[in-house]
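> Structure, please.
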Amino acid sequence: MALSPRRGTRAPLATLSAEFAGRWRTMSGRERRLVLVAAGLVALALVWLVLLRPALRTEARAPQRIARLQAQLALARSQADELARLAAQPPVHAQAADLGDAATRWLRAHGAQAQAASLPGSVTLQVQHLPASDLADFARTARQDWAAQVASAKLRLDGGAQGSSLSGSLELQSQQAASGTGADTASGQAP
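Purely as a prediction, here's the structure:
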């Protein structure tokens, strides 16, 4: 007999167990079979609700999710290749405009929210909701129209319904400033 912390009283579980055993002994064979069938049905319902149904639902949704993630991966890879190709091109000397204002206007025109912090020769942009498909166009525009290049990008995919937009920071570096520092060092090393 299981005793509860209070001396001399039975634990509630032990009381229920003893009561159930007494009722079980008084049941006829037909009643016992009905109780076992009902318990089996409850067990099957629990197995269905807890184990099988969620697994089957996940299995049904997996192909669409995999296809969507593979498409996002392909887009990210193509943009990384485009950014690497643009970074390898020689500098283009274009109009001398305020890089931060031009980049902010371009991003806002393409549906992103942006703020620029300018330093001599570079601009750091805080970007929200930039469509992922526009990232390579932004890098190309920076190189061709503003004589700048994307020096670093720390972006993450936004969650929610838009799923294919990016937020984070982009750093643009003026190619004149980058090539100017390289020219100074090269001329400083010449005899």
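> Tell me the bridge partners for A114.
V127 (DSSP bridges).
> meant to ask about S169
Q126, K154.
> That one touches S122, doesn't it?
No: taking contacts as CB atoms under 8 Å, S169 lies outside contact range of S122: 11.9 Å. Every C-beta, even on glycine, is put in place using the N, C-alpha and C of the backbone.
> which one of the two has more residues nearby?
The residue with more neighbours, out of S169 and S122, is S122; 18 against 14, by other CB atoms under 10 Å.
> just checking, next helix/strand downstream of the helix or strand in which L13 is found?
Taking DSSP states H and E as the criterion, L13 maps to helix 12-26. Where DSSP H and E defines the elements, the next helix or strand beyond helix 12-26 is helix 29-47.
> Send me that next one as PDB with only the CA atoms.
The C-alpha coordinates for helix 29-47 follow below in PDB (Å, rounded to 0.1, in the frame of the first residue of the first chain):
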ATOM      1  CA  GLY A  29     -16.100 -11.000 -19.900                       C
ATOM      2  CA  ARG A  30     -18.200  -9.000 -22.400                       C
ATOM      3  CA  GLU A  31     -17.800  -5.800 -20.400                       C
ATOM      4  CA  ARG A  32     -14.000  -6.300 -20.100                       C
ATOM      5  CA  ARG A  33     -13.800  -6.800 -23.900                       C
ATOM      6  CA  LEU A  34     -15.700  -3.500 -24.500                       C
ATOM      7  CA  VAL A  35     -13.500  -1.600 -22.100                       C
ATOM      8  CA  LEU A  36     -10.400  -3.000 -23.800                       C
ATOM      9  CA  VAL A  37     -11.800  -2.100 -27.300                       C
ATOM     10  CA  ALA A  38     -12.600   1.400 -26.100                       C
ATOM     11  CA  ALA A  39      -9.100   1.800 -24.600                       C
ATOM     12  CA  GLY A  40      -7.600   0.600 -27.900                       C
ATOM     13  CA  LEU A  41      -9.600   3.100 -29.800                       C
ATOM     14  CA  VAL A  42      -8.500   5.900 -27.500                       C
ATOM     15  CA  ALA A  43      -4.900   4.700 -27.900                       C
ATOM     16  CA  LEU A  44      -5.200   4.600 -31.700                       C
ATOM     17  CA  ALA A  45      -6.700   8.100 -31.800                       C
ATOM     18  CA  LEU A  46      -3.800   9.400 -29.600                       C
ATOM     19  CA  VAL A  47      -1.200   7.800 -31.900                       C
END
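> Please consider this matter closed, and thank you.
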